[in-house]
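J.: pasting the sequence and the predicted model now:
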Amino acid sequence: MSFIVEAFSRACNLVVDFDPEVYLVVWTSLKVSFAAVVAASAVGVPLGLLIALREFRGRETLLVVLNTMMALPTVVVGLLFYAVLSRRGPLGELDMLFTPVGIALGLSVLALPIVVNLTISAIEGLDRRLFLTCRLLGATAVQQAWMILKEARFAVMASVVMAFGRVVSEVGIAMMLGGNIRGFTRTMTTAIALETSKGELELGLALGLLLLFVAFAVNAALYMLQRRSG
């Protein structure tokens with residue numbers, strides 16, 4: 001028990017003393033996670049809006065596929081992108097393997113079905129009279145989309161936050177596509193796995209505490225925004 005207490009104390013010191021190595025790892029994690037979520041949201045929110053508002057052949061099958069992709073194994077995503085980004089892969093000439101860009105690309109695919117599915121659910125949960133009112137007022141398709149997203153903004157923002165929580169805590173893709181290179185592609189999750197396996201429990205705990213703090217801060221920011229606009 002004393003060993004755990006001592007390791008936890010050292011971990012807190014690393015956090016409070018702003019250890020450069022610790023915060024470089026945190027910055028790398030935040031950088032690739034935010035990039036992945038922004039890319040996934042730029043594609044996923046309009047796609048979710050389109051699927052929610054349109055009836056087309058194969059829609060139910062597409063929804064099943066999207067729901068299945070929410071449980072997509074991260075090692076499978078990592079393996080596929082490793083093959084695509086490797087030297088012999090179709091995108092090998094871009095040299096994105098073992099770079100932050102490569103990690104962000106893989107994480108964006110992991111986040112995309114979450115954003116799409118929860119955006120669809122948010123829009124389908126709106127009062128149907130909103131859609132009728134928009135049409136009766138002669139709103140264009142773009143104006144209708146804007147009004148619908150405005151009404152569903154908090155639920156859509158929650159989907160983005162959930163996607164961020166998924167990618168910032170991911171280890172398989174970050175390890176396979178980033179290579180856990182110190183000072184370059186090492187993220188909080190890969191560093192925790194590495195340092196714990198080496199017996200460096202205090203550094204792993206420090207990063208774990210910061211990971212929890214990041215998740216708490218993002219969710220708290222969303223909650224405060226909802227309270228102010230509520």
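T.: Received the coordinates, thanks. It should be emphasised that the depicted structure is a prediction, and the values quoted were computed from it without experimental measurement.
J.: ok, the residue lying farthest from the centre of the chain to Gly44 distance?
T.: Distance from the C-alpha centroid of the chain, by C-alpha atoms, centre = their mean, peaks at Leu136 (37.7 Å). Using C-beta to C-beta, to the nearest Å, Leu136 is found at 29 Å from Gly44. Placement of C-beta: from N, CA and C, glycine included.
J.: and Ile51, by the same measure?
T.: Applying C-beta to C-beta, the value for Ile51 to Gly44 is 10 Å.
J.: between those two, what contacts are shared?
T.: By C-beta atoms under 8 Å, 6 or more residues apart in numbering, Ile51 and Gly44 have these common neighbours: Val116.
J.: which of those two has more neighbours?
T.: Neighbours per residue, other C-beta atoms under 10 Å: of Ile51 and Gly44, the larger number sits with Gly44, 27 against 20.
J.: surely that one is in contact with Leu110?
T.: No - counting by C-beta atoms under 8 Å, Gly44 stays clear of Leu110, with 11.5 Å between them.
J.: re the thing from before, give the contact list for the residue farthest from the centre of the chain.
T.: Taking C-beta under 8 Å, 6+ apart, one finds nothing in contact with Leu136.
J.: check what pLDDT it gets.
T.: pLDDT for Leu136: 78.
J.: wait, what's in contact with Ala206?
T.: By C-beta under 8 Å, 6+ apart, the contact list for Ala206 reads Arg10, Ala11, Cys12, Leu14, Val15, Asp19, Val22.
J.: of the residues you listed - the most surrounded one?
T.: Ranked by neighbours (other C-beta under 10 Å), the contacts of Ala206 are led by Ala11, which has 22 neighbours.
J.: now that residue: which helix or strand?
T.: helix 2-16 (DSSP states H and E).
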